[in-house]
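Engineer: Sharing a model that was predicted from the sequence below.
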Amino acid sequence: MPRLYCAVSRQPAAANLTRLVDSPVAVIGGSGALGFGLALRLGHAGVPIVIGSRDPDRAQETAGRLRERAPGGDFDGDANGPAAGRSGTVILCVPFRNQVETLMALQEHVREGQLVVDTTVPLAAAVSGRASRMLGVWQGSAAQQAAELLPDGVRVCSALHTVSASALSELDHELDEDVLLCGDRKADKRAVAELVHRIQGLRCVDAGRLEQARIAESLTALIIGINARYKTRAGIRVTGLPDDLWPSG
């Protein structure tokens, strides 16, 4: 049986999928810690990135900082709505307290067939509580709440909750951890896996349907507590899995 454990990242990932990402990826909340780290790693890997922010000037400033950190990357910035409208895939990297407001603002810009990757975690810190505790979400998870708020035809996957934002932001830091990926369509999860695998050292594991996101999200609170106690940046690794987690066909 596969086992789940927490480990500090040290070894390179075993496999990466190689399909190129042609259309830009919008990182909504890209001026925040997780969004910036993901944009930096993906841009460094050759993925065109559009930073989204409520303030388009702040988005442009963030894109400029990213170009300084990864000179070969393709980075641009825009307000949240236009950034999402320009992209085939949208990665939502906003705090839970801002998730509903942000999604409501995106409704007129996203379109049928677009893929939204929700990284939101309903931590108690959103209401001045402890970051190692979770809030209850009526829909079951932040990802399910996102799916309910977005227009019909916009597909949602849940991923990237437990990856350290600070580790992502250090290009010389070697990642070696798994990303638990939830979604209701296999094709959507495969597309997200291909994108995430552009970041060396990250491996996507199919964690089931979107309803399983409540479990994946809650692991973030667990990891935060572990990292606080051991003063490290631990990640998730699932053992006992086959070499090819995303076979073709």
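Structural biologist: All right, it came through fine. Residues are numbered from 1 along each chain as shown.
Engineer: The longest helix along the chain packs against which elements?
Structural biologist: Taking DSSP state H as the criterion, the chain has its longest helix at helix 213-230. Packing partners of helix 213-230 (3 or more C-beta pairs under 8 Å, 6 or more residues apart in numbering; DSSP states H and E): helix 142-149, strand 155-158, strand 177-183, strand 234-239. Every C-beta, even on glycine, is put in place using the N, C-alpha and C of the backbone.
Engineer: Repeat the analysis, applying 7 Å as the threshold.
Structural biologist: Here helix 213-230 touches helix 142-149, strand 177-183, strand 234-239, going by 3 or more C-beta pairs under 7 Å, 6 or more residues apart in numbering; DSSP states H and E.
Engineer: which of those sits most buried?
Structural biologist: When you average the neighbours per residue for each of the helices and strands packed on helix 213-230 (mean count of other C-beta atoms under 10 Å), strand 177-183 leads with a mean of 25.
Engineer: angle of that one against helix 213-230?
Structural biologist: In terms of direction (axes from the mean of the first three to the mean of the last three C-alpha atoms, to 10 degrees), strand 177-183 departs from helix 213-230 by 160 degrees.
Engineer: Tell me how many other residues crowd the closest residue in space to residue 124 that isn't next to it in sequence.
Structural biologist: Leaving aside its sequence neighbours, residue 124 sits nearest to residue 133 (C-beta to C-beta, 6 or more residues apart in numbering; 4.0 Å). Per other C-beta atoms under 10 Å, the neighbour tally for residue 133 reads 14.
Engineer: Now do the phi/psi pair for residue 133.
Structural biologist: Dihedral pair for residue 133: phi -120, psi 150, per degrees, to the nearest 10.
Engineer: my guess is it meets residue 221, correct?
Structural biologist: Yes: taking contacts as C-beta atoms under 7 Å, residue 133 lies within contact range of residue 221: 6.0 Å.
Engineer: which regions of the protein lie under the pLDDT threshold?
Structural biologist: Scanning the chain for pLDDT under 70 picks out 1-22, 127, 249.
Engineer: Find the helix or strand that residue 167 is a member of.
Structural biologist: helix 165-168 (DSSP states H and E).
Engineer: List the buried residues for that helix?
Structural biologist: 165, 167-168 (16 or more other C-beta atoms under 10 Å).
Engineer: Which elements pack onto it?
Structural biologist: helix 33-44.
Engineer: thought residue 91 was touching residue 38?
Structural biologist: Yes: Residue 91 is within contact range of residue 38, at 6.2 Å (criterion: C-beta under 7 Å).
Engineer: which residues do these two both contact?
Structural biologist: Counting by C-beta atoms under 7 Å, 6 or more residues apart in numbering, the common neighbours of residue 91 and residue 38 are residue 27.
Engineer: How about the contacts made by the most centrally placed residue in the chain?
Structural biologist: The chain has residue 160 as the residue nearest its centroid, 3.9 Å off, counting by C-alpha atoms, centre = their mean. Counting by C-beta under 7 Å, 6+ apart, residue 160 touches 38, 119, 179.
Engineer: Quick check: the gap between it and residue 99.
Structural biologist: Residue 160 sits 15 Å away from residue 99, going by C-beta to C-beta, to the nearest Å.
Engineer: Excluding its own residues, what touches stretch 179-196? List them.
Structural biologist: 17, 19, 21, 25, 89, 115, 117, 143, 155, 157-160, 163, 202-210, 212-213, 216, 236, 246.
Engineer: oh, I was asking about stretch 138-149
Structural biologist: 92, 96, 99-100, 103-104, 116, 118, 120-122, 137, 156, 158, 182, 210-211, 213-214, 217.
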